[in-house]
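**Q** Compute the structure for the input listed below.
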Amino acid sequence: MLSEYEEQAKIFKAFCDEKRLQVLELLKGGEKCACVLVESLGIPQSSLSYHMKILCDSGIVESREDGKWTHYSISKKRGAYVLELLKKIVDVNDEPS
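**A** Next up, the predicted model:
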């Protein structure tokens, strides 16, 4: 089982690439087939697979198989966790130390 910090690092790794951010932007509109993502991003299938593995491993994106195609969507449950994580990290005490 991953430590809390390892789990958090996977999430931040998912956000640290412009192609993965573009994927997330596309998925905001709802579930997309891998074929749509490849076309929209103008990247080869192998590159998309690499980025989607990182996004899925982080839990931010979920996948489902439908025949020969994979469909991707943003995980609402994990999205809520990511928001709480960011909130926890940036929540600073305004009182001087």
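
**Q** Test my guess that Lys10 contacts Cys56.
**A** No. In this structure, Lys10 sits apart from Cys56 without contact. The criterion is CB atoms under 8 Å, and the distance is 10.3 Å. Any C-beta I mention is one placed from the backbone N, CA and C, and that applies to glycine too.

**Q** Could I get the full set of strands for the chain?
**A** 32-33, 61-66, 69-74 (DSSP state E).

**Q** residue ranges with poor pLDDT in the chain?
**A** Low-confidence regions of the chain, defined here as pLDDT under 70, cover residues 93-97.

**Q** switch to 90 and redo it
**A** Residue ranges of the chain with pLDDT under 90: 1-4, 7, 77, 79-80, 88-97.

**Q** Which parts of it are helices?
**A** 4-15, 18-27, 34-41, 45-58, 76-90 (DSSP state H).

**Q** Compare those and give me the one nearest Lys68.
**A** Closest to Lys68 of these is helix 34-41 (CB to CB; 9.7 Å).
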